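S.K.: Sequence unavailable; structure follows:
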């Protein structure tokens with residue numbers, strides 16, 4: 001593919017994508033959002049990245065989600081996105097929802113992580129420069145920081161919004177108790193805090209168990225979920241064992257081979273059977289399950305090739321689950 005070839009977006013891109021409101025705000029997100037975490041660093045070519053971004057937008061995926069330290073190395077995903085944005089997507093800026101975050105380690109020294117005003121304001125400026133943007137649509141605080149007063153963090157987000165560098169603010173990896181406090185402050189200072197980003201999948205239901213999902217709905221917050229496929233574990237690939245070319249075999253930072261027991265493989269086989277009875281692949285059912293009620297605004301998917309997006313979007317064809325299917329999934333995952 002010639003990376004310099006002019007891109008013209010699919011004119012039918014909005015016909016089949018579902019868009020959901022972020023809580024009680026006026027902001028809509030596509031039900032499927034694209035996360036630029038693992039596959040937009042130095043390991044992949046810009047041609048691969050360009051393929052993925054073009055295909056995503058052509059499918060109606062308007063939301064591209066980044067963070068300051070996505071790569072590797074840190075900052076590389078934002079730099080690569082900035083290059084491709086200028087080449088392909090600048091004419092479509094008004095149709096895009098671009099988000100980034102700061103909170104985890106980014107650079108050395110005492111000002112390179114956390115939730116301080118110093119870190120968040122500096123990081124936002126650096127992210128915009130790397131992405132070659134004037135503003136992002138959502139700027140997130142990426143994690144809770146017990147060493148920084150929550151009011152300081154929220155006021156820093158407010159300044160970022162008021163300066164025109166972000167339209168909305170979000171929080172990520174917050175627990176329910178801290179989220180409620182953040183919402184209270186946001187209301188007091190009139191910060192448009194509209195969305196909460198957390199891990200959620202059939203295999204990781206902490207947002208349900210700790211009340212975070214219910215609290216987000218109660219507070220009028222949107223909920224966007226990352227790792228809905230449990231780093232790829234919830235796919236047909238692992239039903240017969242660990243594939244030689246899998247992330248678990250090659251990397252092992254997030255999926256550990258020693259944790260992949262025969263019991264877990266059998267669990268995946270049971271889930272696959274339920275999915276097949278629904279006319280879906282395992283990954284399709286896993287995405288459908290996270291999106292099965294209105295409390296979830298969007299799911300974040302990461303792909304290494306554009307064809308994977310087709311299966312992700314196909315999950316939207318059936319997000320309804322019967323009580324019997326819910327029970328079968330619960331029994332299958334009760335290890």
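M.R.: Perfect, I can see it now. No experiment lies behind these values; they were computed from the predicted model shown.

S.K.: hey, let's count contacts and neighbours off CA atoms from now on
M.R.: Noted.

S.K.: looking at this structure, which helix or strand is least sure?
M.R.: Ranked by mean pLDDT, DSSP states H and E, the helix or strand of the chain with the weakest confidence is helix 247-250, at a mean of 54.

S.K.: and the helix or strand that that helix is followed by, what does it pack onto?
M.R.: Where DSSP states H and E defines the elements, the next helix or strand beyond helix 247-250 is helix 262-277. Counting contacts by 3 or more CA pairs under 8 Å, 6 or more residues apart in numbering; DSSP states H and E, helix 262-277 is packed against helix 282-290, helix 323-332.

S.K.: tilt between the last one and helix 282-290?
M.R.: Put plainly, it is helix 323-332. Inter-element angle recorded for helix 323-332 and helix 282-290: 110 degrees (by axes from the mean of the first three to the mean of the last three CA atoms, to 10 degrees).

S.K.: which helices and strands does helix 323-332 pack with?
M.R.: Packing partners of helix 323-332 (3+ CA pairs under 8 Å, 6+ apart): helix 262-277.

S.K.: so the spatially most central residue of the chain is in which element?
M.R.: Among the residues of the chain, residue 300 comes closest to the average C-alpha position under CA atoms, centre = their mean, at 3.3 Å. According to DSSP H and E, residue 300 maps onto strand 298-301.

S.K.: and the helix or strand just after that strand, which residues are buried?
M.R.: Per DSSP H and E, the first helix or strand lying C-terminal to strand 298-301 is helix 307-314. By neighbour count on 16 or more other CA atoms under 10 Å, the buried set for helix 307-314 is 309, 312-314.

S.K.: do the same with stretch 265-274
M.R.: By neighbour count, with 16+ other CA under 10 Å as the criterion, the buried positions of stretch 265-274 are 265-272, 274.

S.K.: export these to CSV and tack on distance to residue 79 and pLDDT?
M.R.: Shown next, in CSV, are the buried residues of stretch 265-274 (distance: CA to CA, whole Å; pLDDT from 0 to 100):
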residue, distance to residue 79, pLDDT
265, 38, 87
266, 41, 90
267, 40, 90
268, 37, 93
269, 40, 92
270, 42, 95
271, 39, 96
272, 38, 96
274, 41, 97
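
S.K.: any idea which of those is closest to residue 328?
M.R.: Each of the buried residues of stretch 265-274 was scored against residue 328 by CA to CA, and residue 274 proved nearest at 7.5 Å.

S.K.: Any idea how far the strand or helix carrying residue 197 is from the middle of the chain?
M.R.: Following DSSP H and E, one finds residue 197 within strand 193-199. Distance of strand 193-199 from its chain centroid, counting by CA atoms, centre = their mean, to the nearest Å, is 10 Å.

S.K.: what helices or strands is it leaning on?
M.R.: Using 3+ CA pairs under 8 Å, 6+ apart: strand 193-199 touches strand 166-172, strand 222-226.

S.K.: all strands of the chain, in order?
M.R.: Secondary structure of the chain by DSSP state E: the strands cover 19-21, 28-30, 32-35, 63-65, 97-102, 136-141, 166-172, 193-199, 222-226, 298-301.
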